[in-house]
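Peer 1: Sequence and predicted model, in that order:
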Amino acid sequence: DAHPELGNNARLGELLGWQVEGRFGEQDIGWHGCLGSPCLLRDVMARVRLVLGREPLVFGAPDRPIKRIAWCSGGAQGYFEQAIELDPLFALAYAGIADCYIILGTPQSTLMGKNGEDYQSRARVAAQKALEIDETLAEAHASLGASLAPYDDVAAHQEFDRAIELNPNYATTYTFYAIDLIGDARLEDALEKAKKAREIDPLSVPINSNYGMVLCRLRRVDEAIEQFKKTLELEPNAMRAHWGLGLVYEQKGQFGNAIAEFQRAIKLSNGGVLALASLGHVYGVLGRRTEAEQIVQQLLEKEKNGGERHPYYLAAVYAGMGDKGRAFEVLEKNRGQYSRGLMKNDQFFDSLRSDPRPVPARPVLWCVTAVRHRCARPAPEGARHQRVREPRVLGAGKSQRSHALCQPRRPHHGDSASHQSRHAQKARCVGSW
């Protein structure tokens, strides 16, 4: 990577025709320079696509003019901060950092599990720094909205709306918006946003993958298959598209195709736990219990050795095996650590929703009635809109943490006796929370 003549970065700059001005980072591994003459971001990415033969992951408005550039092969996200030092008032670079942290903190994007890093907080800090420099930067508002989404829908949606107001043609805003709406079980609204993002940037692999995932959640199987196949035409190694295609093949009952796609996703994600667990779930459904148990052991080993964990998907393997007891046990033990994916619409847990055991023994996400309550957990520092959080249930909202629940809504003086009785029933639904 670092060799001044034969290294990857030297060759990359030469192939793409970038004029080198200097180097940065540890061992001078990163390079920076200019494009010769200003051009649009979409033109830069078209050049990358042509020369390297693969679809780049792009953040920022395609019509934004670009003149100076920094590049680094390998784990480039670790050098964003040092690249910014070249121009500390470049707000878009901070928004780029925020977006990288958002992706790293979203298991459904990387197919990897949690590793203990608080990427959302880092993303929020970077987005706020960008807005301190330029409050009119749509990219920064979109990034801030995505970083706030796990904590406060109102603040997140206001940031998304502000980003759209500033730049209605910034596709990433609609993608972030759609992902948040998926977490709220507002799938039709999510589909509308994902479709808008694709209309603006039809060649973006992440945007096309996200559109396919919304169709998958809606169980619109044939449309989802077609969409994922179109995505793979853009980038044959798009791991999230392979994973999503496996999910819809499983919905369709084409288990052989599902297994092949999950195995491809495992290879592309270097053994990502979401892809592993998806394969384990299919093995369980097919009665291939030995292979499913082997994947359970791999997931547990990953957690033990690297700290990477995702109990939600470990439970998915148990559910596929028909082992409802262990699935409920894992979910109960790890309350508040579930992904923000939709339990309500997640195909992995279809078999658990009809389980007859008492509601208090289930995670609150399966509660049949909504519970209104106060939240003792404050909104994250720096959030623009502080409010009392009212998480939803029945799989229709964000994952809740056990320490975030305080008490059920108290009846108002004007409530009828029957109304107060219903509140008491809802309180009992909360159970050990």
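Peer 2: Cool, the structure landed.

Peer 1: Next secondary structure element downstream of the strand ranked longest in the chain?
Peer 2: Counting residues, the longest strand found in the chain (DSSP state E) is strand 30-40. Moving toward the C-terminus from strand 30-40, the next helix or strand (DSSP states H and E) is helix 41-52.

Peer 1: Now that following helix - C-alpha only, CSV.
Peer 2: These are the backbone C-alpha positions of helix 41-52, laid out as CSV (Å, rounded to 0.1, in the frame of the first residue of the first chain):
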residue,chain,number,x,y,z
LEU,A,41,-18.7,13.6,-8.1
ARG,A,42,-20.7,11.4,-10.5
ASP,A,43,-17.9,11.8,-13.1
VAL,A,44,-15.2,10.9,-10.6
MET,A,45,-17.1,7.7,-9.7
ALA,A,46,-17.8,6.9,-13.3
ARG,A,47,-14.0,7.0,-13.9
VAL,A,48,-13.4,4.8,-10.8
ARG,A,49,-16.1,2.4,-12.1
LEU,A,50,-14.5,2.2,-15.6
VAL,A,51,-10.9,1.8,-14.5
LEU,A,52,-11.4,-0.6,-11.6
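
Peer 1: Would you mark the buried spots in that helix?
Peer 2: Leu41, Arg42, Val44, Met45, Arg47, Val48, Arg49 (16 or more other C-beta atoms under 10 Å). No exception for glycine: its C-beta is placed from N, CA and C like everyone else's.

Peer 1: Am I right that the fourth one is in contact with Pro56?
Peer 2: Yes - the pair Met45 / Pro56 is scored as a contact, 5.1 Å apart, by C-beta atoms under 8 Å.

Peer 1: shaky segments in the stretch 1-150 of the chain?
Peer 2: Along the stretch 1-150 of the chain, segments meeting pLDDT under 70 span 1-2, 25-27, 54-55, 57-62, 74-83, 108-117.

Peer 1: What segments of it are helices?
Peer 2: 8-16, 41-52, 80-84, 91-104, 107-110, 119-133, 138-148 (DSSP state H, counting those that start in this stretch).

Peer 1: Nearest to Lys196, out of the ones you listed?
Peer 2: Lys196 lies closest, by C-beta to C-beta, to one member of these: helix 138-148, at 13.2 Å.

Peer 1: Would you mind measuring from Val125 to Tyr94?
Peer 2: 9 Å (C-beta to C-beta, to the nearest Å).

Peer 1: higher neighbour count, these two?
Peer 2: The neighbour comparison of Val125 against Tyr94 (other C-beta atoms under 10 Å) goes to Tyr94, with 28 against 19.

Peer 1: ok, back up a step: could you redo the helices of the stretch 1-150 of the chain as CSV and give each row distance to Thr175?
Peer 2: Listed next are these as CSV, based on distance: least, C-beta to C-beta, whole Å:
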stretch, distance to Thr175
helix 8-16, 26
helix 41-52, 16
helix 80-84, 20
helix 91-104, 10
helix 107-110, 10
helix 119-133, 15
helix 138-148, 9
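
Peer 1: Among the ones you listed, which comes closest to Pro236?
Peer 2: For Pro236, the closest of those is helix 41-52, at 13.5 Å, according to C-beta to C-beta.

Peer 1: Who are the packing partners of that closest one?
Peer 2: Helix 41-52 is packed against helix 8-16, strand 65-71, with contacts defined by 3 or more C-beta pairs under 8 Å, 6 or more residues apart in numbering; DSSP states H and E.
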